[in-house]
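Participant: following is a predicted model, sequence given first.
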Amino acid sequence: MRTPAAPRPCLRPLEPIRPDLLGARLLGDAVLHACVLGILLAVAPAVADTPLSEPQTQAWRAASQLLQKRCVSCHGAEKQEGGLRLDVGQRVLQGGDSGKAVVAGKPAESLLWQRIASSDDEQRMPPPGEGAPLAEAERELISAWIRAGAPWPHEEPEVSKHWAFQPIAPVAPPETAKLSNPQWPRNPIDQFVLAKLDKHQVSPAPEASRGELIRRVYLDLLGLPPSPEQLREFLADGSPQAYDKMVSRALESPHYGERWGRHWLDLARYADSDGYEKDRPRPNAWRYRSWVIEALNQDLPFDQFTIRQIAGDMLPDAEIVDHVATGFHRNTLHNTEGGTDQEEDRVKKTVDRINTVGTVWLGLTVGCAQCHTHKYDPISQREYYQLYAFFNNIDEKDVSAPTPEQAASHEAALAKHAQEAQRLAEQRDAYVRDGLAAAQASWEPTAAGTPGWETIEPTASKSKHGAKFESQDDGSLLVTGANQVSDRYELTFAAPVDVASVRLEVLPDKRLPKNGPGRADNGNFVLTAFELQQDGAPIGLVAARADFSQNDWEVAKAINDNRDDGWAVSPEIGKRHVAAFQLAEPVPAGATLTVVMDQNYKGQTHNLGRFRLSVSPAATTALDGLPSKVAAALQIDTAKRNEAEAKAVADYYRTIDPQLLKLEKQLADHQQRQPKGPDAVAQAVVERESKRSAHIHRRGNFLDPGDPVQSLGLNVLPPIAARNAEAGPDRLDLAHWLFSPEQPLTARVTVNRIWQRYFGRGLVLSADDFGSQGSPPTHPALLDWLAGEFRDNGWRLKELHRLIVTSATYRQSSQHREELEKLDPENDLLARHPRRRVEAEIVRDLALSVSGLLNPKLGGPSVRPPQPAEYSSLTYANSAKWSVSKDGDQYRRGMYTFFQRTSPYPMLMTFDSPDSTECTARRSESNTPLQALTLWNDVVFFECAQHLARRIVAEAPASDDASRITFALELCLSASGDGELAERLTAVHARHQELCRAAGDEDRKALLGPASLPQAKPDQADRSDQAELAAWVLTGRVLLNLDAFLTKQ
């Protein structure tokens, strides 16, 4: 518990954090070592055999819960100092070693009361160093209990009967006619609130001023102040619907998703780095953040918002956005240190996922049952690992996930590409239709004498070292299997025609290294020798020619007597190449021939991978002669060719026509340039196909597995229904169960957390603990009515927000009420609106907004605004490089600031931003001198002051000080230019004017910054000289440091 620092000038102090009132709820601190020595206590014999009255029950419950919170660390099940135990009714009433400490009905005579109320450190309980003294309201709980006769029920209620575990029953709001002020309520929320105020004879506060209301609504819903134009529009609207219209405009703003998305990221433990020692950046983490913002702006119902995050990957026909939503589970820490046990890291992530789900949707401290059965709530260790089983089957996976903008841009590019492809195809088809036949007719006379090549089909094939030859549809052979450092291929065939020449085509293939045509790692080959044999006897080859040969590896070397060289084709690998070999004497058709190819290159696997052999009756080394069927058909007059002959010629000509080949190449090249999809990746999870077994971890140690468990829920809550009864419930079933009508926690926990965002405290103070050790609700009927409304209206978040912010309760003034200081110091009765400093990110957003620097861009990657020099060097091995963003990105909202877990942005941490290592349901709040120093000296806020000064000078309606002061207050505080604050600011500014006029040029220039700073209205920028502008920089710094600027009133 922090004691607030003294307030800054011109402003009321922030509300102190104090313990609760009248037993309505108890301070939700971690268990404090508050000790009440056993020598004090022996409770009067007041254990009731008959049921307690309602007042007695309230007094007992308040006192017993206080004893549980403040005393059980020293007087509980594991430890009983002075023989006193305070967590079991009979033991409380038995007292301690020194006898009685309570005189029923008489607090002043009770030693217990005397000690807890003592100001003497030697007498006071708890003693110094064991916990803070009980606050006045806490002492009153004990006093009220003693005055009531120190009652204690004979049988304490079962924990399973705890209020939070009971179904949400329909609740009727109190009748307006029976309230003290029937005209005050604006909606049922106010009826509940006023009914409780009436019980305590307290009236609600007056409504806040219109300027305060619009600023309050904008800060709560958008995290940004209203612009002067928005303020004036609202103030000028005198209609009864003015407030509701203003709320509707705010709810429709895209900045709503940012504001409430940042709240959600606290729960989701979002960060841009892994954590642990290496703390590597997560370049795609922002995709989840953008999904959250977009989902909230679209008012995605909270049940769907939840189901997609917990099990979006398991939805039928899951879309990309559903996978992106599961990034919720990827926000865990990730250990990449050397020697990390990957299974241990996975288990830690799984545990974090369980505990986070337990906090966010159940409001229970389920993590207390990881090592042993929960000491206070009905959660056994077995039940904990039943929940563990739901998440034990998760695998992490990065998925392709283009943003809507990227997808739209890609679709447009594809459409444009398809349009061009269609044009090229139509151009080709027109030529085929109108010009190809004439081109063929012109070609035929010139081709009639061209030699023909006949592809051979081997009747036998052999590899010296066992390679296999697979026939392909085009008559080629693909070599597979053994690939030794040398090989000899022998292919035997019957000559289909007279053979005077042999042609070898080496062909590319995607199945070969580098697409071949060789089997070497680089796709090459070396043909050491090429021979033709008949009946085992060699046939002389007199000439060889190739379309390409590697330097010093010409094809002619494949038919010489040297076996140390040969034919190769590097660097033209991955392409078709052709070699032709001419025989010394032709061989007649029908002869049995064998092609022998030796490959023996310096002990390396440079063997052929795919090739085709053909023969020709012509003594030629022409590489691309005609196929024999085409050559034969060309010898026949066109009019006398049969259908097969005509088709053979036409089909062949299509493969060589220059114009057609050009058009086909244009089309093929265009298709190769098809736009690639965006390189957009998102972190996600998927469900494993093979299910991991889950076990109890004895004492929480994953290396010591106990009994196996199945995925099931908590016995104290309704069972989880399975879509597949035989397989049992899975993660998707769990997600659906969270919103089943019988499950009471999700609705209560969610509306309470939202209420907390508006009022600083929930109707249940312990937002993350609805269990037996949590705080009871201050307004239980209101809590259940809100939960029922939220559930029954389709889990619509925006409607819940509208309901709250349009209530008279919300619209009350936040003015301090002295008459309530003792009766209601924590505002439990809701007799006024609370005053609280805005969160860390909003502190930054406010300064950027009023200065005119704010970049309103929505979503996208995280940014790096300026931070103190060398700060990032605090990370492991200086691994976090911080390059300040440019082009306006450095002025984006605080929620987009890159969050490095081991060195988070210091300004955010100064203002109590969570460290993101675990789920945060309620931020801590501090008020420290360092915050004021940050606002005064941080480079970002100084630059904001410079821009604010220029904006005031440029945009104020007139150049006199009064007009500028009015505009400045309107801009920064949504306040008028009259009153005490305006007077004091005028005096401060006058002093600044004196200082700046007396200062030297260099000092003024240092205040003003670069001359290139943008101005709102450049044509008005000369209305003030440098001294005046410098004075407004100083005054701007004061404005940005006011509590009124940082406080939601």
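Facilitator: Now that the structure is in, tell me what you want to look at. Values in this document were obtained by computation on a predicted structure and should not be read as measured data. Residues are numbered from 1 along each chain as shown.

Participant: and the chain, what are its domain boundaries?
Facilitator: Structural domains annotated on the chain: 47-156, 301-401+688-743, 402-445+651-679, 451-624, 937-1048, as defined by automatic domain parsing.

Participant: so for Leu829, which of the ones you listed sits nearest?
Facilitator: Smallest distance to Leu829 across the domains of the chain (C-beta to C-beta): 12.9 Å, for domain 47-156. Placement of C-beta: from N, CA and C, glycine included.

Participant: average pLDDT for that closest one?
Facilitator: The average pLDDT for domain 47-156 rounds to 74.

Participant: how distant is it from the center of its chain?
Facilitator: 47 Å (C-alpha atoms, centre = their mean, to the nearest Å).

Participant: ok so, going back, any chance of the domains of the chain in CSV with distance to Ala195 and mean neighbour count as columns?
Facilitator: Output for the domains of the chain, formatted as CSV (distance: least, C-beta to C-beta, whole Å; neighbours: other C-beta atoms under 10 Å):
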stretch, distance to Ala195, mean neighbour count
domain 47-156, 17, 18
domain 301-401+688-743, 25, 18
domain 402-445+651-679, 48, 13
domain 451-624, 78, 18
domain 937-1048, 26, 18
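
Participant: check contacts around Arg748.
Facilitator: Ala164, Ile168, Gly363, Val764, Phe770, Leu783, Asp784, Ala787 (C-beta atoms under 8 Å, 6 or more residues apart in numbering).

Participant: sorry, back to before: okay if I get the domains of the chain as TSV plus distance to Val193?
Facilitator: Listed next are those as TSV, based on distance: least, C-beta to C-beta, whole Å:
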stretch	distance to Val193
domain 47-156	20
domain 301-401+688-743	22
domain 402-445+651-679	42
domain 451-624	73
domain 937-1048	19
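
Participant: pLDDT at the most centrally placed residue in the chain, what is it?
Facilitator: Central residue of the chain (C-alpha atoms, centre = their mean): Tyr288, 2.8 Å from the mean position. For Tyr288, the model assigns a pLDDT of 98.

Participant: which SS class is it?
Facilitator: Following DSSP: H, G, I helix; E, B strand; the rest coil, the label given to Tyr288 is helix.

Participant: Ala584 now?
Facilitator: Assigned by three-state DSSP, the conformation of Ala584 is strand.

Participant: thought it was touching Leu541?
Facilitator: Yes. Between Ala584 and Leu541 there is a contact under C-beta atoms under 8 Å: 7.0 Å.

Participant: where's the residue nearest to Gly211 when sequence neighbours are not counted relative to Ala150, distance?
Facilitator: Distances taken as C-beta to C-beta, 6 or more residues apart in numbering put Ser974 closest to Gly211, at 4.4 Å, once the chain neighbours are dropped. Per C-beta to C-beta, to the nearest Å, Ser974 is found 53 Å from Ala150.

Participant: cool, Thr928 as well?
Facilitator: Distance, Thr928 to Ala150, by C-beta to C-beta: 42 Å.

Participant: follow-up on the earlier one: hmm, Phe328 and the residue nearest to the centre of the chain touching each other?
Facilitator: Yes. Between Tyr288 and Phe328 there is a contact under C-beta under 8 Å: 6.7 Å.

Participant: so what does the longest helix seen in the chain touch, helix or strand wise?
Facilitator: In the chain, with assignment by DSSP state H, the single longest helix is helix 404-434. Here helix 404-434 touches helix 658-672, going by 3 or more C-beta pairs under 8 Å, 6 or more residues apart in numbering; DSSP states H and E.

Participant: what is the helix it packs on packed up against?
Facilitator: Going by 3+ C-beta pairs under 8 Å, 6+ apart, helix 658-672 lies up against helix 404-434.

Participant: could you export the helix or strand just after the helix it packs on as CSV, CA atoms only?
Facilitator: Next helix or strand after helix 404-434 toward the C-terminus (DSSP states H and E): helix 436-447. The C-alpha coordinates for helix 436-447 follow below in CSV (Å, rounded to 0.1, in the frame of the first residue of the first chain):
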residue,chain,number,x,y,z
LEU,A,436,0.1,-19.7,-88.6
ALA,A,437,-1.2,-21.7,-91.6
ALA,A,438,0.4,-19.3,-94.0
ALA,A,439,3.7,-19.3,-92.1
GLN,A,440,3.7,-23.1,-92.2
ALA,A,441,3.0,-23.2,-96.0
SER,A,442,6.0,-20.9,-96.5
TRP,A,443,8.2,-23.1,-94.4
GLU,A,444,7.5,-26.5,-95.8
PRO,A,445,9.5,-26.1,-99.1
THR,A,446,12.6,-25.1,-97.2
ALA,A,447,12.3,-27.9,-94.7
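
Participant: could you check the angle helix 436-447 makes with helix 404-434?
Facilitator: Angle, helix 436-447 to helix 404-434, by axes from the mean of the first three to the mean of the last three C-alpha atoms, to 10 degrees: 60 degrees.

Participant: any idea how far Pro868 is from Pro929?
Facilitator: Taking C-beta to C-beta, one finds Pro929 at 17 Å from Pro868.

Participant: nope, Ile168 is what I was after
Facilitator: For Ile168, the distance to Pro868 - C-beta to C-beta - is 49 Å.

Participant: again with His334
Facilitator: 27 Å.

Participant: what's the answer for Gly774, then?
Facilitator: Distance from Gly774 to Pro868, by C-beta to C-beta: 39 Å.

Participant: out of these two, which sits in the busier spot?
Facilitator: Neighbour count, other C-beta atoms under 10 Å: between Gly774 and Pro868, Gly774 has more, with 26 against 12.

Participant: the residue nearest to that one when sequence neighbours are not counted: neighbouring residues, count only.
Facilitator: In space, and not counting its chain neighbours, Gly774 is closest to Ser766: 3.8 Å by C-beta to C-beta, 6+ apart. Ser766: 22 surrounding residues under other C-beta under 10 Å.
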